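Trainee: model the structure of this input:
(chains A and B)
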Amino acid sequence: MNDPPIARGFRGRRGAAAVGARLPPGQHLVTDFPVLSAGPTPEPDLANWRFTLEDGASPLAQWSWAEFNALPQTEFTVDIHCVTTWSKFDTHWRGVSIDTLLEAAGLAEPPGAFVLAHCDGGYTTNLPSEDLVDGKAMIATTFDGEPLDPEHGGPARLLVPHLYFWKSAKWVHGLQFLDEDQPGFWEELGYHSYGDPWREQRYDGD
Amino acid sequence: MTAIEAVAATKPSPSRRLQWLTATVRDVSDETPRVRSLALDVPGWPGHRAGQHVDVRLTAEDGYQAQRSYSIASAPETPGVTLTVERIADGEISPYLAGEARAGDRFELRGPIGGYFVWAAALGGPLFLVAGGSGVVPLMAMLRHRAAAKSGLPATLLLSSRTAGDIIYGAELQRLAEQGSGLKVVHTLTRETPAGWQGFTRRIDRAMLDAVGFPPDAGARCFVCGPTPLVEAVARALRDLGHAPHLIKTERFGPTGLK
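Mentor: Numbering: from 1, shown residues only, chains lettered A, B, ... in the order given. Predicted structure coming up:
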């Protein structure tokens, strides 16, 4: 492979080595919380909010907002990495782990190898089921101790911090377990199907 | 139509690996005191659709690299790629692109990226474009494409700038609007207005969108790009006015966001 061209006069802004070790390749650290989404932010409607687990087309379990918040809660303090190259360290979330949801639905393990997360506005994202269990993911309802802002996905968003942040889908209202992987919204549009920031899987083919 | 069906309608051709390509600066031109356009020659560029962006990667002499995303300003019909970059005071990449870079300089880019915030004349209209500041860049690609395709689809651009001197593409927009092709360009200035200014002098709000936009039942394709507060307010107001949510497409940026 050829060496990349040197951008004459470019010095860049180097972070501390300790920061660098926590940053996946091609990422830079931010302290604010940028917002990116494809369309209007949905109005929260907690009275009619439902969270559903499905096995293919069959419903497995459903919770109202009150029922969902009565489930055992989990807390994460994690680094998050957006495909647009910003990373944010030590973000603090609270919600219900996918393990807890499966258990509450009476399931010992995910009923399919893949998941399609369904969100308001028709947005979807696909993930392997194994990336959601064993404490790796939750449905988050608070950020930094406050109810999750609609701009950031409130009332509830999927949180899968070890993958690029578009996988942590905003305004999530259901998880559908599938036997076959089915690309979601951005994955259909050329983004990587898995999205591991440490392997810099930004786009299809990376 | 759901958002997913809308996506299927604009689905790109079969996937391919996005390779890093070498871009050579052909020309730079200042749009405003803080905003510069860079016309790039990019051998191997696969072409793009209006509204898409690229990732730019800069490599320093010692091998240090940094990358960011920038919207494409040029029409698909124009050879190469033109980026328009706003200099962010404490930015890492934009001071280089919008300050240091000059003709003959080389860096890497790959793309095109993003297949949702896109428009082509074949998708139809009307077209309602709403931007704040450098959020106009991907919308300009749409208007340049519209002109290149000789489309007469009704189009309106509502552009919010801080001062008259901060209006990006001002002369070109005026020229396009005067061609009689059905394009209307409306400006609002939020900080200071020159003597004799006849246009709006406030942030974009629901009343302004209602006054300058298309009626909700016209089925206008709405594209909104700018800083998050503007995009949130405009997208919400458009929805409240009765525009169908799946026709409202947004792209947001801040100093650390997409641009």
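Trainee: ok, B:Arg146 - how many residues close by?
Mentor: For B:Arg146, the neighbour count with other C-beta atoms under 10 Å in any protein chain shown is 25. Using the backbone N, CA and C atoms, a C-beta is placed for each residue, glycine as well.
Trainee: give the contact list for it.
Mentor: B:Arg146 is in contact with B:Ala121, B:Leu127, B:Leu153, B:Ala155, B:Ser181, B:Leu183, counting by C-beta atoms under 8 Å, 6 or more residues apart in numbering or on different chains.
Trainee: so which of those residues is the most crowded?
Mentor: That'd be B:Ala155 among the contacts of B:Arg146, by other C-beta under 10 Å, with 27 neighbours.
Trainee: so it is in contact with B:Gly182, correct?
Mentor: Yes: applying C-beta atoms under 8 Å, one finds B:Ala155 in contact with B:Gly182, separated by 6.4 Å.
Trainee: any bit of the helix or strand of chain A with the lowest mean pLDDT sitting next to chain B?
Mentor: Least confident element among the helices and strands of chain A, by mean pLDDT, DSSP states H and E: helix A:17-22 (a mean of 78). No: Helix A:17-22 is not in contact with chain B by C-beta under 8 Å from any C-beta of the partner chain; minimum separation 10.3 Å.
Trainee: not counting residues beside it along the chain, what's closest to B:Tyr116?
Mentor: In this structure, B:Tyr116 finds its nearest non-sequential neighbour in A:Ala38, 5.3 Å apart by C-beta to C-beta, 6 or more residues apart in numbering or on different chains.
Trainee: what about the one you found, neighbour count?
Mentor: 23.
Trainee: helix or strand: which one has it?
Mentor: Counting by DSSP states H and E, no helix or strand carries A:Ala38.
Trainee: show me where the chain has strands.
Mentor: Since no chain was named, I'll use chain A. Per DSSP state E, chain A carries strands over the ranges A:28-29, A:50-55, A:58-64, A:74-81, A:86-97, A:114-119, A:124-128, A:138-143, A:146-147, A:157-159, A:172-178.
Trainee: not quite, I wanted chain B
Mentor: B:21-32, B:35-41, B:53-59, B:65-71, B:81-86, B:106-113, B:127-132, B:155-161, B:183-189, B:221-227, B:248-253.
Trainee: ok, which of those comes nearest B:Ile93?
Mentor: strand B:65-71 (4.6 Å; C-beta to C-beta).
Trainee: check which helices and strands that closest one sits against.
Mentor: Judged by 3 or more C-beta pairs under 8 Å, 6 or more residues apart in numbering or on different chains; DSSP states H and E, the packing partners of strand B:65-71 are strand B:53-59, strand B:81-86, helix B:136-148.
Trainee: adjacent strands (with direction) for it?
Mentor: Counting by DSSP bridges, the strands paired with strand B:65-71 are strand B:53-59 (antiparallel).
Trainee: contact partners of the partner strand?
Mentor: Residues beyond strand B:53-59 that count as contacts (C-beta under 8 Å, 6+ apart) turn out to be A:4-7, A:10, A:12, A:26, A:85, A:202, B:20, B:23, B:65-72, B:81, B:83, B:93, B:96-97, B:107-114, B:138, B:258.
Trainee: can I assume A:Lys136 is in contact with A:Leu158?
Mentor: No: using C-beta under 8 Å, A:Lys136 makes no contact with A:Leu158, being 11.3 Å away.
Trainee: what's the separation between B:Asp205 and B:Ala237?
Mentor: To B:Ala237, B:Asp205 is 7 Å away according to C-beta to C-beta, to the nearest Å.
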